[in-house]
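A.B. asks: Structural data only, the sequence is not supplied:
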């Protein structure tokens, strides 16, 4: 009986944490600075936070829930955008990369508590984001690789890495305080 109760308690805890990560993402992601066709946002911070807080499946589900919230019309995407058209627009590839990024960082965080390995996970997640986002951007915009990299990747490498570092630190503090 205790094992069933423990499993049920863990499931409730996972659902609650995933919901909180979805809500956190919905709050921070719209905060953005337009610097061209791709805005500088806190979305990646939210993705990395979910990845550092949750198990891989829960992290991906949390970010997918955020995407669904935006798809149905709540203004949770960058620049307070909403709707299905955002999920097919120029920056859609980045949004679709987010669940993969969260799951990847989560898997790395579950394997090791070493900061160096977790930062490597942040870099690998960034690579996924940039690859999918840039490929989709090129497809929709018709721009070449060099021009797309200059607007989709180069301005974001350091800020996104710092967001990953900050998300790891915040998640670590919260996990310690909540004894997760």
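C.D. replies: Thanks, I have it. Here the structure is a predicted model, which means the values were calculated and not measured.
A.B. asks: Show me where the chain has its strands.
C.D. replies: Using DSSP state E, the strands of the chain run over 32-34, 39-41.
A.B. asks: Just say which of those strands is most tucked in.
C.D. replies: By mean neighbour count, with neighbours taken as mean count of other Cβ atoms under 10 Å, strand 39-41 ranks first of these at a mean of 20. In short, each C-beta sits where N, CA and C put it, glycine included.
A.B. asks: what packs against that one?
C.D. replies: strand 32-34 (3 or more Cβ pairs under 8 Å, 6 or more residues apart in numbering; DSSP states H and E).
A.B. asks: Please enumerate residues in contact with the strand it packs on?
C.D. replies: If you take Cβ atoms under 8 Å, 6 or more residues apart in numbering as the criterion, strand 32-34 is touched by 39, 40, 41, 42, 43, 78, 79.
A.B. asks: go on, stretch 155-172?
C.D. replies: With contacts defined as Cβ under 8 Å, 6+ apart, stretch 155-172 is touched by 35-36, 38, 40, 42, 44-46, 48-49, 51-53, 105, 109, 115, 118-119, 122-123, 125-126, 129-130.
A.B. asks: cool, and stretch 19-27?
C.D. replies: 43, 46-47, 49-50, 53-54, 59, 62-63, 65-66, 69-70, 74, 76.
A.B. asks: Flag every buried residue along it.
C.D. replies: Neighbour counts over stretch 19-27 (16 or more other Cβ atoms under 10 Å) mark 20, 21, 22, 23, 24, 25, 26 as buried.
A.B. asks: and what of stretch 156-172?
C.D. replies: Within stretch 156-172, the residues that count as buried by 16+ other Cβ under 10 Å are 156, 160, 161, 163, 164, 167, 168, 170, 171, 172.
A.B. asks: how about the helices of this structure, start to end?
C.D. replies: Ranges of helices within the chain are 2-28, 43-53, 56-71, 92-111, 115-141, 145-152, 157-178, based on DSSP state H.
A.B. asks: Let me have those in CSV, adding distance to residue 84 and mean pLDDT as columns.
C.D. replies: Formatted as CSV, these follow (distance: least, Cβ to Cβ, whole Å; pLDDT from 0 to 100):
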stretch, distance to residue 84, mean pLDDT
helix 2-28, 17, 88
helix 43-53, 18, 98
helix 56-71, 5, 98
helix 92-111, 10, 98
helix 115-141, 15, 97
helix 145-152, 22, 96
helix 157-178, 26, 96
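A.B. asks: Who are the contact partners of the closest residue to residue 28 other than its chain neighbours?
C.D. replies: Leaving aside its sequence neighbours, residue 28 sits nearest to residue 42 (Cβ to Cβ, 6 or more residues apart in numbering; 4.0 Å). Going by Cβ under 8 Å, 6+ apart, residue 42 touches 28, 29, 31, 32, 163.
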